[in-house]
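# need a 3D model of the following:
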Amino acid sequence: MNEVLGAVKTAVDEVENNPVLNISIFAAFVAVTLFIVIRASRNNKTAADYYAAGRSFTGPQNGFAISGDYLSAASFLGITGAIAINGYDGFLYSIGFLVAWLVALLLVAELMRNTGKFTMADVLSFRLKERPVRMAAAITTLAVCFFYLLAQMAGAGGLVSLLLGINDRIGQSLIVAVVGLLMIVYVLIGGMKGTTWVQIVKAFLLIGGALVMTIWVLAINGFNLNTLLESAVAASTTDPKDAILGPGLQYGKNPWDFISLAIALVLGTAGLPHVLMRFYTVPTAKEARRSVVWAIWLIGLFYLLTLVLGYGAGALVGPDAIKAAPGGVNSAAPLLALELGGPLLLGFISAVAFATILAVVAGLTITAAASFAHDIYASVLRKGNVPADGEVKVARRTVIVIGILAIIGGIGVQGQNIAFLVALAFAVAASANLPTILYSLFWRRFSTRGAVWSMYGGLASAIILILLSPVFWGTETSVFKNVGVAIWPLNNPGIVSIPLGFFLGWLGSMFPGKAEDPKKAAEMDVRSLTGFGAEKATEH
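Just a heads-up that it's a prediction; the model follows:
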């Protein structure tokens, strides 16, 4: 144990000995990305420019941007750490996040782009009563974005804390605040166009950096995956040591928790508002399809790399050293970079991870701001009577509010595994958004009552079960550590809240009420399947 603690101290000391190097690399990344954002923002004149980047991106460009949006801090820091500590069970996050894209590609991507304009609520309210559906969709969007933001802010705190050797909670909280302020600046200046270019650059850097580290780890092990796994087993602290190669280390005590997580991961992506909003930045349905295919290839490659990175971190750094370092489980990837290439590679990889966090939180924030300004302010409160620049002004003010809330929340969840926190966001998205999206696109009898019941019921059940679960109470890793007893035994609510969302949507639509407009339903079918008429909705 003394050797392990000594290794951690050495690692932190090495980082501390190069603060100028680390801060210089960080500053260079921030300066370059800010320059990109400012350059891209010069044509942000209309709502379409600010929310959808003027629909000016090609399929491959948007594919890189989608992968940049989707490969968050959870993918790089959280999953690598989960595999390093829990082996096989940690890799299940990679599998779930990847398979989820098939649902988005086959059922949602093209149809959403054809039907909507800026936000998910445009689709859901197309043939239903606009005000109640828009309000419900906006509230669920804000909830999902907030949960996702918590994960990114927690990752930022742990990452920069490791770089600067900051262990105390106040120092980490200050770091979270700085990340939040930077995020606000990015979104206020750049809008969707600036955010998209940052995501494209970040996707290149993240996938490239992960590829270099993967090749390096494999080279150390003679390009033999079996040798790498044997090294990881030798360094493992589990009993038996080879438990990291099989299922059950993390979810063996309660297999229902694993089933719940799996359902949430596979169904969550198709309900994530910030991913769905990316489909509106391309000019045609064909480009929307191309962008998702590009995204699947890029995301699939990256998640294969996490297997080597995770077991490599377990073998070369060691589980105890990872858990004892500032940032805990989330420090596995930066510590592996330090082990491989010293402080220079650590600084580069950490800066890439930092750019990852900034790009994702910017995408989330603009989605949440668009939902409030476009759906609640312009459509519900002002009933469409908004001056030309009024909607964008409200969106920018909303960005500031969301940024402040994200900073407060990020400070509260420090130390949690961020892949786990993102899984909660997936559960909320799959419970509150996915049933309504699928019913709206594919079921003619779906009614306004069904939509409202489904969204509010799915959202409420997911959040209540999270609040009653071990996420908040009773364990060493809970938000309230070792306080109280969890009433709901599972960490993820998906196994109950997702079927409940689908059931409430069906039940609400079974009640007699005012019939929906058959002309609108027919128009939605034609538009979603062919794209005909979609351009009219996007002109202004």
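
# from the chain's centre, how far out does the lengthiest helix in the chain sit?
Secondary structure of the chain per DSSP state H: the longest helix is helix 169-220. Counting by C-alpha atoms, centre = their mean, to the nearest Å, helix 169-220 is centred 13 Å from the centre of its parent chain.

# how about stretch 464-480?
With C-alpha atoms, centre = their mean, you get 21 Å for stretch 464-480.

# what does stretch 304-317 give?
With C-alpha atoms, centre = their mean as the basis, the mean position of stretch 304-317 lies at 22 Å from the chain mean.

# do stretch 214-232 as well
Here stretch 214-232 is found 29 Å from its chain centre; the criterion is C-alpha atoms, centre = their mean.

# what residues of it count as buried?
214, 216-218, 220-221, 228-232 (16 or more other C-beta atoms under 10 Å). C-betas here are computed from N, CA, C, even on glycine.

# sorry, back to before: after the longest helix of the chain, next one along is what?
helix 225-235 (DSSP states H and E).

# run the angle between that following helix and helix 169-220 for me.
Here helix 225-235 points in a direction 140 degrees away from that of helix 169-220 (axes from the mean of the first three to the mean of the last three C-alpha atoms, to 10 degrees).

# residues of the helix or strand following helix 225-235 that come out buried?
Toward the C-terminal end, the helix or strand that comes next after helix 225-235 (DSSP H and E) is helix 255-268. By 16+ other C-beta under 10 Å, the buried positions in helix 255-268 come out as 257-258, 260-268.

# with just CA atoms, put stretch 404-412 into PDB.
Output of stretch 404-412 as PDB, limited to C-alpha atoms (Å, rounded to 0.1, in the frame of the first residue of the first chain):
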ATOM      1  CA  ILE A 404     -24.600  29.400 -13.000                       C
ATOM      2  CA  LEU A 405     -26.900  26.400 -12.200                       C
ATOM      3  CA  ALA A 406     -24.400  24.000 -13.800                       C
ATOM      4  CA  ILE A 407     -21.600  25.400 -11.700                       C
ATOM      5  CA  ILE A 408     -23.600  25.000  -8.500                       C
ATOM      6  CA  GLY A 409     -24.600  21.400  -9.500                       C
ATOM      7  CA  GLY A 410     -21.100  20.500 -10.600                       C
ATOM      8  CA  ILE A 411     -19.700  21.500  -7.200                       C
ATOM      9  CA  GLY A 412     -22.300  19.300  -5.600                       C
END
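
# which residues touch it?
Here stretch 404-412 makes contact (C-beta atoms under 8 Å, 6 or more residues apart in numbering) with 146, 149-150, 152-154, 156-157, 172-173, 176-177, 179-181, 183, 361, 365, 479.

# in PyMOL, select just the buried ones from the residues you listed.
Here is the PyMOL command that picks out the buried ones among these, judged by 16+ other C-beta under 10 Å:
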select buried, resi 146+149+150+152+153+154+156+157+172+173+176+177+179+180+183+361+365+479
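
# what about stretch 462-481, start to end distance?
By C-alpha to C-alpha, to the nearest Å, the extent of stretch 462-481 from end to end equals 21 Å.

# identify the residues contacting it?
143, 412-413, 415-417, 424, 427-428, 431-432, 482-491, 493-494, 496-497.

# return the members of those classed as buried.
Buried among these by 16+ other C-beta under 10 Å: 143, 413, 415-417, 424, 427-428, 431-432, 486, 488, 490-491, 493-494, 496-497.

# residue 433 versus the closest residue to residue 455 other than its chain neighbours, what's the distance?
Spatial nearest neighbour of residue 455, chain neighbours left out: residue 136 (4.1 Å); criterion: C-beta to C-beta, 6 or more residues apart in numbering. Between residue 136 and residue 433 the computed distance is 10 Å (C-beta to C-beta, to the nearest Å).

# pLDDT of the longest helix of the chain, averaged?
For helix 169-220, mean pLDDT is 84.

# what do you get for stretch 300-319?
92.

# tell me the buried residues in it?
By neighbour count with 16+ other C-beta under 10 Å, stretch 300-319 contains the buried residues 302-303, 305-319.

# is residue 404 in a helix, a strand, or coil?
helix (DSSP: H, G, I helix; E, B strand; the rest coil).

# return the distance of it relative to residue 175.
Counting by C-beta to C-beta - residue 404 and residue 175 are separated by 16 Å.

# when these two are compared, which one has more neighbours?
A direct count of neighbours by other C-beta atoms under 10 Å for residue 404 and residue 175 places residue 175 higher, at 22 against 14.

# next one, pLDDT for residue 252 please.
Looking at residue 252, its pLDDT stands at 70.

# adjust the sequence numbering to begin at 4 for everything that follows.
Right, with 4 as the first residue, what we last looked at is residue 255.

# can you tell me how far it is from residue 91?
From residue 255 to residue 91 the distance is 11 Å (C-beta to C-beta).

# neighbour-wise, which of those two wins?
Comparing residue 255 with residue 91 by other C-beta under 10 Å, the one with more neighbours is residue 91, at 18 against 13.

# pretty sure the more buried one is touching residue 245, no?
No - under the contact definition of C-beta atoms under 8 Å, residue 91 does not touch residue 245, with a separation of 10.4 Å.

# what's the burial count for residue 273?
Residues within reach of residue 273, counting by other C-beta under 10 Å, total 25.
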